[in-house]
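K.L.:
Here you go, sequence then predicted model.
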Amino acid sequence: MLTVRAPATSANLGSGFDVFGVALDRPADVVTVERAAETTIEVSGAGAQYIPEDPAKNTAGVVARELDAPAHIRIDKGVRPSSGLGSSAASAAAAAVALDALYERGHTGEELVRVAAEGEAAVSGEAHADNVAPSILGGFTVVRDDGVLSIDADVPLVACLPEIVVSTRDARGVVPRSAEMDDVVHTVGSAATLTAGMQRDDPSLVGRGMDERVVTPARAALIDGYDAVCEAAADAGATGVTVSGAGPALIAACYPARQRAVASAMVEAFADAGVDARAYRSSVGDGAEIVER
Ligand SMILES: Nc1ncnc2c1ncn2[C@@H]1O[C@H](COP(=O)(O)OP(=O)(O)O)[C@@H](O)[C@H]1O
Ligand SMILES: N[C@@H](CCOP(=O)(O)O)C(=O)O
């Protein structure tokens, strides 16, 4: 028997749609695996009632199939589903790391990212790896077809999760199919700025690099109170705010001294818009780890 904790993640960070991701300190999924003749799944914790226990429909079950590693899998959800905080990815990442260790397969982290991304394909329709990469490798990650890059970074973040449900599949449906060249140029500038900010542990550059004009506005329209929450966060000292993943969570960057104020401002602004929300104060965190053997 083996237990792995895999963290929530925030993908895209505005300018890095389907490319950038970052591991958060919390919340996290905790997954326990035991060898079995065939895979079975039990889910408890946040939003468990919305998560299928059929292995073919659960990201962790798909990972077990991909690794040919049948197991009884217990998932304790810390990351609520349809959050924009990589809920389905956290289970996939934890299962990949746990089953690899349980069956002593010795895959590299990057290989496990590819396997866990197949779990994501089962729920969102596409094998996007921008959540599973940071959940497995930790840090700030850049995913490309030809590989994954992970950078250790130390930048304060606030993830604010409203009590709204937005499924990644639906939110992928509103992404425009094309973009104006001006907007593409702007996005490249932002992405480069954000990457430099992560490399230099610079909250100001990270926040500026979150600005993006194609995908984010389309998705912001699905989140009640989005503009007011961004404005409140900026007034409280956030250097940048954007949609986390496919939403409805928002992610903000800030200097350490402003983190508490930014978190409160975001929760209050959601409340003013009639939406309950909670904020997670975080840094760029570590990837999945074995917590019990
Ligand atoms: N282990 C899992 N954890 C969370 N959601 C899962 C899992 N397996 C399948 N799902 C399904 O995936 C969907 C949530 O994933 P997604 O929309 O990508 O949300 P998130 O942004 O939180 O990852 C829900 O329909 C849920 O039932
Ligand atoms: N790049 C994906 C990320 C989805 O993240 P999630 O946390 O909402 O599952 C996208 O933007 O669709």
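P.N.:
Nice, I can see it. Numbering: from 1, shown residues only. Ligands and ions are numbered 1, 2, ... in the order given.

K.L.:
for Met210, helix, strand, or coil?
P.N.:
Counting by DSSP: H, G, I helix; E, B strand; the rest coil, the backbone at Met210 sits in coil.

K.L.:
quick one: it and Ser15 touch, right?
P.N.:
Yes. Counting by Cβ atoms under 8 Å, Met210 does reach Ser15; the two are 6.5 Å apart. C-betas here are computed from N, CA, C, even on glycine.

K.L.:
what do these two both touch?
P.N.:
Residues within reach of Met210 and of Ser15 at once, by Cβ atoms under 8 Å, 6 or more residues apart in numbering, are Ser190, Leu194.

K.L.:
near ligand 1, which residues of the stretch 101-250 of the chain show up?
P.N.:
Val123, Ser124, Ser167, Thr168, Gly245, Ala246 (Cβ under 6 Å from any ligand atom).

K.L.:
Looking at those, which two lie furthest apart in space?
P.N.:
Largest separation among those by Cβ to Cβ: Val123 and Gly245, giving 12.6 Å.

K.L.:
tally of neighbours for Gly125?
P.N.:
12 (other Cβ atoms under 10 Å).

K.L.:
same question but for Asp211, I mixed them up
P.N.:
Using other Cβ under 10 Å, Asp211 has 18 neighbouring residues.

K.L.:
start at 269 instead
P.N.:
Taking 269 as the first residue, the last one we looked at is Asp479.

K.L.:
Find the nearest non-adjacent residue to it, please.
P.N.:
Excluding the flanking residues, the one nearest Asp479 by Cβ to Cβ, 6 or more residues apart in numbering is Ser458, at 5.1 Å.

K.L.:
which SSE is the one you found in?
P.N.:
Under the criterion of DSSP states H and E, Ser458 resides in helix 449-468.

K.L.:
Tell me which residues are up against that helix.
P.N.:
With Cβ under 8 Å, 6+ apart as the test, helix 449-468 has contacts from 281-284, 287-288, 290, 408, 410, 419, 421, 423, 447, 470-482, 521, 552.

K.L.:
got it, and stretch 548-556?
P.N.:
Contacts for stretch 548-556 (Cβ under 8 Å, 6+ apart): 272-276, 290-295, 361-362, 364-365, 377, 402-408, 420-429, 466, 527-528, 531.

K.L.:
buried ones in it?
P.N.:
For stretch 548-556, burial by neighbour count (16 or more other Cβ atoms under 10 Å) applies to Tyr548, Arg549, Ser550, Ser551, Val552, Gly553, Gly555, Ala556.

K.L.:
Likewise for stretch 419-439?
P.N.:
Neighbour-count burial for stretch 419-439 flags 421, 423-430, 432, 434-436, 439 (criterion: 16+ other Cβ under 10 Å).
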